[in-house]
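J.: build the 3D model from these lines:
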Amino acid sequence: MIDPQKLPTVSFEEMNRVHYEEAALINDLLEKLEEEAAVSEITGAMEALLVHMQEHFAFEEGMLKNRGFGMFDIHRSDHNRIMNQTRMAYMNWRNFKDRDALKAFMEEEFIEWLNLHIQAMDSVAADFLSQQQQTDIEGYE
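T.: Take a look at the predicted model:
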């Protein structure tokens with residue numbers, strides 16, 4: 001489970017909001033796995049997470065690309081990597097219904113990735129976006 005109070009934050013509040021939403025979806029999925037919810041409920045929770053991830057990554061990448069972020073390709077590559085791994089975990093779930101394997105992926109790989117990505121990648125991106133936003137505001141004054 002992700003404790004929202006311990007989730008790293010960044011200097012661009014919109015990104016924090018998206019991260020909190022994603023943490024809630026991850027926690028919902030993990031709760032369903034722990035409670036041994038119906039297969040359809042777990043599948044639905046996993047699908048909701050995948051949709052959110054696509055929207056999350058498109059949101060960040062759109063802002064970064066439009067602003068000319070120098071590390072855009074590296075950032076997008078990290079998104080693509082975890083997206084592919086999560087899709088593979090989803091496919092394994094669909095094929096084998098292995099609750100332990102899905103739970104292990106989420107707890108041991110995905111949550112660790114999310115924390116590291118926020119600290120290493122999103123913090124830099126957020127600082128860049130915050131600086132760009134401040135420049136825009138000052139330009140209108």
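J.: what kind of secondary structure is the residue nearest to Met121 when sequence neighbours are not counted in?
T.: Nearest residue to Met121 in three dimensions, chain neighbours excluded: His75, at 5.4 Å (Cβ to Cβ, 6 or more residues apart in numbering). Just so you know, the C-beta spots here come from the backbone N, C-alpha and C atoms, and that holds for glycine as well. Using DSSP: H, G, I helix; E, B strand; the rest coil, the structure places His75 in helix.
J.: can you pull out the helices in this protein?
T.: 13-34, 39-66, 72-96, 99-104, 111-117, 123-140 (DSSP state H).
J.: which among those is found nearest to Gln5?
T.: Closest approach to Gln5 among the helices of the chain (Cβ to Cβ): helix 13-34, 10.4 Å.
J.: which of the residues in that closest one are buried?
T.: 15-16, 18-19, 22-23, 25-30, 32-33 (16 or more other Cβ atoms under 10 Å).
J.: next: stretch 78-95.
T.: By 16+ other Cβ under 10 Å, the buried positions in stretch 78-95 come out as 78-79, 82, 86, 89-90, 93.
J.: pull the CA atoms of stretch 124-133 into CSV?
T.: Extracted C-alpha coordinates of stretch 124-133, given in CSV (Å, rounded to 0.1, in the frame of the first residue of the first chain):
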residue,chain,number,x,y,z
VAL,A,124,13.3,17.8,-12.2
ALA,A,125,10.4,18.1,-14.6
ALA,A,126,8.2,19.8,-12.0
ASP,A,127,11.0,22.4,-11.2
PHE,A,128,11.3,23.1,-15.0
LEU,A,129,7.5,23.5,-15.4
SER,A,130,7.2,25.7,-12.3
GLN,A,131,10.0,27.9,-13.6
GLN,A,132,8.3,28.1,-17.0
GLN,A,133,5.0,28.9,-15.4
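J.: give me the residues contacting that stretch.
T.: Residues from elsewhere that reach stretch 124-133, judged by Cβ atoms under 8 Å, 6 or more residues apart in numbering: 10-12, 15, 60, 63-64, 67, 69, 71, 75.
J.: 10 Å instead, please
T.: For stretch 124-133, contacts defined as Cβ atoms under 10 Å, 6 or more residues apart in numbering pick out 9-16, 60-61, 63-64, 66-72, 74-75, 117-118, 122.
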